[in-house]
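*Asks:* Structure here, sequence nowhere to be found:
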């Protein structure tokens, strides 16, 4: 793959991750209004969007998706469940250890799904990419 096409592929994957993260954020919000707690959904959809938008496998992309999903999970936790003592994001980052265990577990699971789904691209995890003849 040539350098310009690799850059274009990475930009496309990043855009897919952004779309997936946005869908994940709003899906989490919708489920929360219904009484469900789906903290792994934003990270998993971030990885899914990235993986579907990319054609080639990349472990580095999977790691980047996992890191982005971890940040997104912490942001979503802060946005919907800020600490009472100090609602700032900086306070949440310095007091992560005080979050409930299920919140930490689900944020980590979302990052794990983001790695798994974002790493392979459509040609790997999601089967061969169909090509038109000609």
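*Replies:* Looks like it came in fine. Quantities reported herein were computed from a predicted structural model and do not represent experimental measurements. Residues are numbered from 1 along each chain as shown.

*Asks:* buried stuff in the lowest-mean-pLDDT helix or strand in the chain?
*Replies:* Ranked by mean pLDDT, DSSP states H and E, the helix or strand of the chain with the weakest confidence is helix 3-33, at a mean of 92. Within helix 3-33, the residues that count as buried by 16 or more other CB atoms under 10 Å are 9-10, 13-14, 16-17, 19-21, 23-25, 28. Heads up, the C-betas are built off the backbone N, CA and C, glycines and all.

*Asks:* Residue 38: how many residues sit nearby?
*Replies:* Other residues near residue 38 come to 18 when the count uses other CB atoms under 10 Å.

*Asks:* quick one: contacts for it?
*Replies:* 27, 28, 31, 32, 106 (CB atoms under 8 Å, 6 or more residues apart in numbering).

*Asks:* okay, residue 107: pLDDT?
*Replies:* pLDDT recorded at residue 107 is 97.

*Asks:* So it: helix, strand or coil?
*Replies:* Of the three states, residue 107 takes helix under DSSP: H, G, I helix; E, B strand; the rest coil.

*Asks:* which one is residue 107 nearest to, not counting chain neighbours?
*Replies:* Among residues not flanking residue 107 along the chain, residue 73 sits closest, at 3.5 Å (CB to CB, 6 or more residues apart in numbering).
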